[in-house]
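Student: Here is a sequence together with a model predicted from it:
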Amino acid sequence: MNRLASRLPAMVEQYQQEILTEWVKLQLEAGTWRAGRLQESQLRDESQRFLTLLVNNIQKGVQFDTRSAQWADIRDFLAELSRSRATQGFSPSQVATFVFSLKQPIFARLRANLLDEPEVLADASWETTLLLDSMGLYTTEVYQQARESVIARQQEELIELSTPVVELWPGILALPLIGTLDSERTQVVMETLLERLVATGSSIAVIDITGVPTVDTLVAQHLLKTVSAAQLMGADCIISGIRPQIAQTIVHLGIDLSAVATKASLSDAFALALKRRGLSVISSSAARG
Amino acid sequence: MDRVPILRLGDCLLVTVQVDMHDELAMTLQDDLTNKIVATKARGVLIDISALEMVDSFIGRMLGNIAGMSRILDAQTVVVGMQPAVAITLVELGLSLPGIRTALNVDAGLALLRNVLDRSDESSHVD
Amino acid sequence: MSIEPTTLPVRSGEDVVKVRQAVRTLAMDLGFSLVDQTKVITAASELARNTLTYGGGGECRIERLNQGPKRAGVRLTFEDRGPGITNLDLALTDGYTTGNGLGLGLNGARKLSHEFDIWSQPGVGTRVTITRWK
């Protein structure tokens, strides 16, 4: 592990107050702090807490390492700061600037005090750069992870939202599919539909593909798998909403949909489903005669 | 030794598979069930597999065997309650349980059996 | 929590059930979805039964794979000192069986896995390794 051998720890501790004042001033000028999003008092408070942690940790004489237990408190502080700023809408560079802007006040103190010892000054400057760079990069890493997890959650939510299974009639479910079907989405669609079949005790499901832009071999296979799984469970599927171009594509690709009942429109499929359930729709005026 | 319980519901038998099936248990079930079909003159067999966490080719074969044996003894078999995850896995595995009727639950299975039995009675009258 | 890797014997029908249960426990612990759990235990069941029926018994090694937070997986190795497989290509064909199964064992397990590896030598034994990622 890299040791901090220079005069850096002593300097930072000695001039802690001056460094803090200058650092906060720099940040306010640089615009990393933005009115409305972050209170000036909060920025002061965060800067103060970070510097205190830094002074405490730096005394242990060990270089920053995200995996090291010695730096755990500073790492957690930076992670929390990065995450909260990511959700507040700050850019990654604005978040990293929080750490990087600390360089200038520290360098100023080092230069003022170590002017007569150029080698010591160079060592201390290098260590400061290493220390603050790795911390700044760490905030960027956390920022990215935070954004990725937000995106992943939104994707999941989108998949769930886009697969609504609706009950058309007691015992008849419909699944209106919209958008492209890939394997991941198909798995969710399959599971959702099959679980709803069990939950509602429905023996017929209409899968409507009016909103599916293209049907290639893969999509067709996914659909057929859903139909087969439903059949194994004791339910029948009807595929509806097959547009003329899609019918042509299916035949040209040589996809065999003969094992499944297919209908052009959702209403045709619904009529077939009612018939299979032994139900029929009659006009009430005709019934009254 | 464990045994899979077989219940009588009118002229049907209900088999609820609740434990993890292994070879010996499956063999015993086939023996017990064929004996019971003959003894009770059952016309239908419902096998409830809703408690099964998976169906592999061994259990698939066992279900097929039971359906085949029952058919010879003039009883119709319906497998009910397959879990969605099990069905998805079977499709992925390429297993389609040919010749086995399925229904979502015991109620639907009984209704299906009634239907099948009524039709087979009608056709035998015509003969 | 059990300590992986674990090696379990595959010598009886009840051992097959125990292998399935151990695989399910691990898959649940790794956060596999219900469908993925079912797929991996079904593959385990097929292979364990092969080891028992054709290999005359053997053992199963269950490993937890952790390659970063997003890449967790289950690796299963089934090994026996049975007669081995003379024609691997034929054994991997759907519907082919020398026993009384549906002939889906090996190829079924392959379809349910992300990685599949088989080694067999007539007179020495057979080793099948499968991996399923989360």
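Tutor: That came through, no problem.
Student: Which single residue of the stretch 1-150 of chain A approaches chain B most closely?
Tutor: The stretch 1-150 of chain A approaches chain B most closely through residue A:149 (26.3 Å), counting by CB to the nearest CB. To be clear about C-beta, it is placed using only N, CA and C from the backbone, and glycine gets the same treatment.
Student: That residue: neighbouring residues, count only.
Tutor: 12 (other CB atoms under 10 Å in any protein chain shown).
Student: again with residue A:264
Tutor: 14.
Student: these two touch, right, residue A:144 and residue A:91?
Tutor: No. Applying CB atoms under 8 Å, one finds residue A:144 not in contact with residue A:91, separated by 11.7 Å.
Student: Tell me who's in contact with the residue nearest to residue C:24 when sequence neighbours are not counted.
Tutor: Among residues not flanking residue C:24 along the chain, residue C:41 sits closest, at 5.1 Å (CB to CB, 6 or more residues apart in numbering or on different chains). By CB atoms under 8 Å, 6 or more residues apart in numbering or on different chains, the contact set of residue C:41 is B:53-54, C:20, C:23-24, C:27.
Student: Quick one: mean pLDDT for the host helix or strand of residue C:41?
Tutor: According to DSSP states H and E, residue C:41 maps onto helix C:34-53. Mean per-residue pLDDT for helix C:34-53: 93.
Student: and the closest residue to chain C within chain A, what does it touch?
Tutor: Residue nearest to chain C within chain A: residue A:191 (6.2 Å; CB to the nearest CB). Contacts for residue A:191 were tallied using CB under 8 Å, 6+ apart; they are B:84-85, B:88, C:35.
Student: Give me the distance between it and residue A:235.
Tutor: Residue A:191 is 14 Å from residue A:235, where distance means CB to CB, to the nearest Å.
Student: Over to the residue nearest to residue B:120 when sequence neighbours are not counted: give its phi and psi.
Tutor: Of all residues not flanking residue B:120 in the chain, residue B:76 sits nearest, at 7.5 Å (CB to CB, 6+ apart). According to degrees, to the nearest 10, the main-chain angles of residue B:76 amount to phi -100, psi 140.
Student: Who is residue B:76 paired with across the strands?
Tutor: Partner residues in beta bridges with residue B:76, using DSSP bridges, are residue B:44.
Student: I figured it hits residue B:101, correct?
Tutor: Yes. Residue B:76 lies in contact with residue B:101 (CB under 8 Å); the separation is 7.2 Å.
Student: what sits against the nearest residue to residue A:65 once chain neighbours are set aside?
Tutor: Counting by CB to CB, 6+ apart, residue A:65 lies nearest to residue A:71, which is 6.3 Å off, once chain neighbours are set aside. Taking CB under 8 Å, 6+ apart, we find residue A:71 in contact with A:57, A:62, A:64-65.
Student: got it, and residue B:83?
Tutor: So residue B:83 contacts A:198, B:50, B:52-53, C:38 (CB under 8 Å, 6+ apart).
Student: ranking those residues by neighbours, who comes first?
Tutor: Among the contacts of residue B:83, residue C:38 has the most neighbours (other CB under 10 Å), with 26 neighbours.
Student: Where does the prediction get shaky in chain A?
Tutor: A:1-6, A:31-37, A:61, A:66, A:159-162, A:286-289 (pLDDT under 70).
Student: Residues of it that sit close to chain C?
Tutor: A:187, A:191 (CB under 8 Å from any CB of the partner chain).
Student: Then chain B?
Tutor: Residues of chain B lying near chain C (CB under 8 Å from any CB): B:20, B:22-25, B:53-58, B:60-61, B:83-86, B:88-89, B:92-95.
Student: just checking, which of those belong to helices?
Tutor: Judged by DSSP state H, the subset of those located in helices is B:23-25, B:57-58, B:60-61, B:84-86, B:88-89, B:92-93.
Student: List the contacts of stretch A:14-22.
Tutor: Against stretch A:14-22 from outside (CB under 8 Å, 6+ apart): A:12, A:47-48, A:51-52, A:55, A:102, A:104-106, A:108-109.
Student: just checking, what packs against the helix or strand hosting residue A:267?
Tutor: According to DSSP H and E, residue A:267 maps onto helix A:266-276. Under the contact definition 3 or more CB pairs under 8 Å, 6 or more residues apart in numbering or on different chains; DSSP states H and E, helix A:266-276 sits against strand A:166-169, strand A:172-178, strand A:204-211, strand A:236-240.
Student: Tell me how far that helix lies from the chain's centre.
Tutor: Distance of helix A:266-276 from its chain centroid, counting by CA atoms, centre = their mean, to the nearest Å, is 40 Å.
Student: tell me the angle it makes with strand A:172-178.
Tutor: 160 degrees (axes from the mean of the first three to the mean of the last three CA atoms, to 10 degrees).
Student: what comes into contact with helix A:266-276?
Tutor: Here helix A:266-276 has contacts from A:168-169, A:172, A:174, A:176, A:204, A:206, A:208, A:210, A:236, A:238-241, A:261, A:263, A:280-281, using CB under 8 Å, 6+ apart.
Student: what touches both of residue B:76 and residue B:101?
Tutor: In contact with both residue B:76 and residue B:101: residue B:116, using CB under 8 Å, 6+ apart.
Student: higher neighbour count, the two?
Tutor: Under the criterion of other CB under 10 Å, the comparison of residue B:76 against residue B:101 puts residue B:76 first, with 20 against 16.
Student: For the more buried one, list the residues it contacts.
Tutor: So residue B:76 contacts B:43-45, B:70, B:101, B:113, B:116-117, B:120 (CB under 8 Å, 6+ apart).
Student: can you check residue C:28 too?
Tutor: Contacts of residue C:28 (CB under 8 Å, 6+ apart): residue C:37.
Student: State the pLDDT value of it.
Tutor: According to the model, residue C:28 scores 93 on pLDDT.
Student: which SSE is it in?
Tutor: Counting by DSSP H and E, residue C:28 is part of helix C:13-29.
Student: Alpha carbons of that helix, as CSV, please.
Tutor: The C-alpha coordinates for helix C:13-29 follow below in CSV (Å, rounded to 0.1, in the frame of the first residue of the first chain):
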residue,chain,number,x,y,z
GLY,C,13,-33.4,-41.7,-6.4
GLU,C,14,-33.5,-39.8,-3.1
ASP,C,15,-30.0,-38.4,-3.8
VAL,C,16,-31.4,-36.9,-7.1
VAL,C,17,-34.0,-35.1,-4.9
LYS,C,18,-31.2,-33.9,-2.6
VAL,C,19,-29.1,-32.5,-5.5
ARG,C,20,-32.2,-30.6,-6.8
GLN,C,21,-32.8,-29.1,-3.4
ALA,C,22,-29.2,-28.0,-3.0
VAL,C,23,-29.2,-26.4,-6.4
ARG,C,24,-32.5,-24.6,-5.7
THR,C,25,-31.1,-23.3,-2.4
LEU,C,26,-28.1,-21.9,-4.2
ALA,C,27,-30.0,-20.5,-7.1
MET,C,28,-32.4,-18.7,-4.7
ASP,C,29,-29.5,-17.4,-2.7
